[in-house]
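Undergrad: quick check, what structure comes out for this input:
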Amino acid sequence: MTLNHHSPERLLIELRIEHADLDALADKAAHETLIDELLLRRLKKRRLHIRDRIARLEATLIPPEPA
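TA: Model prediction:
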């Protein structure tokens, strides 16, 4: 399977990677002794935004089921 640099499939992969990275950063920040609450909120908000983009993109890539 060949993915061009602008394909929706490639964007989906990149968004999933970014979401996983943000998830790891948020988990690490939550377990720090000195928690930066603002940073943690920003990470979580960005992670939710990425998750919503992933869901919208997946919805466009998956064909509707026949009735």
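Undergrad: Leu57 is in contact with Arg16, correct?
TA: No: Arg16 is not in contact with Leu57 according to Cβ atoms under 8 Å; the separation is 9.8 Å. Backbone N, C-alpha and C define where each C-beta goes, glycine included.
Undergrad: for the protein, what's the longest helix?
TA: The helix that spans the most residues within the chain, counting by DSSP state H, is helix 37-61.
Undergrad: so which elements touch that one?
TA: If you count contacts as 3 or more Cβ pairs under 8 Å, 6 or more residues apart in numbering; DSSP states H and E, helix 37-61 packs onto helix 8-30.
Undergrad: now the most centrally placed residue in the chain. Nearest residue, chain neighbours left out?
TA: Centroid-nearest residue in the chain: His19, 3.0 Å away (criterion: Cα atoms, centre = their mean). Excluding the flanking residues, the one nearest His19 by Cβ to Cβ, 6 or more residues apart in numbering is Ile50, at 4.5 Å.
Undergrad: thank you, goodbye.
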